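Asker: starting from these lines, generate the structure:
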Amino acid sequence: MIGYTSSSEPVLIASGRARLVGLLALPRNPSGLVLFTQSSGSRRLSPHSSYLADELGHAGLATLLLDLASPDEDGGNKQSVDIALLAARLSRATDWICTEPETKKLALGLFVRGSDAAAALQLAARRPERIAAVVSRSGRPDLAGPDALARVRAPTLLIVGEEDRAVIDHNRHALDQLSCEKDLAVIRCATHPRAEQGWLQEIARLAARWFKGYFGGATSPAARPQP
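Answerer: Numbering: from 1, shown residues only. Here you go, the predicted model:
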């Protein structure tokens, strides 16, 4: 995007006794906001996360990078945090977004990894009026459970690498249980957790297209890569 500019500011969101640390980036006239979380053991400002958030910013989307585990919880490792608690913290972050003057009117999407995908879909099932779209990369959406998956109304894109056979199976199982607008994108020659630059570029392209398509009320953006 020519002339792309963005302002960034740190945020701190209280959720029970936890304090969730984030970074909010707002380009000019964003078409929506993407709440961007990490999988277990990842850091909020990892190079991969920063790259993807920057690419979404270039596409005209605001982003909030957020650690769902507070710094004192096992060094930030969310393996010890259950999905219900992650979903509650995502809900609290959504409440924060809904009250901030700069973000409350923006369409909201969730961009998640690992077990965060299950938490995001549980939240989407409970708050269909607020979550406009969901994108999961190398996630475990199946852990949301069949009841929650059946109630999701937000268009959901699942992205996995073709070498992640077990993850593909988990995602196909979740896809079958979703009744919303949905798609599964399997990216060639991509593995997890070793993400290559081409893999990240494709994730960014697919995610930006999905979010922008549904933020604007468009029909399916046909996210699946062509052979």
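Asker: beta partners for the most centrally placed residue in the chain?
Answerer: Most central in the chain under CA atoms, centre = their mean is residue 111, positioned 0.9 Å from the mean C-alpha point. Listed by DSSP bridges, the beta-bridge partners for residue 111 are residue 36, residue 135.
Asker: number of nearby residues for residue 82?
Answerer: The criterion is other CB atoms under 10 Å. On that basis, residue 82 has 11 neighbouring residues. C-betas here are computed from N, CA, C, even on glycine.
Asker: could you do residue 46 as well?
Answerer: For residue 46, the number of neighbouring residues by other CB under 10 Å comes to 12.
Asker: repeat for residue 168
Answerer: 16.
Asker: does it touch residue 185 like I think?
Answerer: No - taking contacts as CB atoms under 8 Å, residue 168 lies outside contact range of residue 185: 10.8 Å.
Asker: what ranges does this protein have for its helices?
Answerer: Secondary structure of the chain (DSSP state H): helices located at 47-58, 83-99, 116-126, 146-151, 165-177, 197-215.
Asker: hmm, residue 96 is touching residue 15, no?
Answerer: No - the pair residue 96 and residue 15 fails to qualify as a contact (CB under 8 Å) at a distance of 9.0 Å.
Asker: those two: which is more packed in?
Answerer: When residue 96 and residue 15 are compared for neighbours, residue 96 comes out ahead with 22 against 18, by other CB under 10 Å.
Asker: what bridges to the nearest residue to that one once chain neighbours are set aside?
Answerer: Closest residue to residue 96 in three dimensions, ignoring its sequence neighbours and counting by CB to CB, 6 or more residues apart in numbering: residue 13, at 4.9 Å. Counting by DSSP bridges, residue 13 is bridged to residue 20.
Asker: how close does residue 13 sit to residue 99?
Answerer: Computed with CB to CB, to the nearest Å, the distance linking residue 13 and residue 99 is 11 Å.
Asker: quick check: residue 215 touching residue 32?
Answerer: Yes - counting by CB under 8 Å, a contact exists between residue 215 and residue 32, whose distance comes to 3.7 Å.
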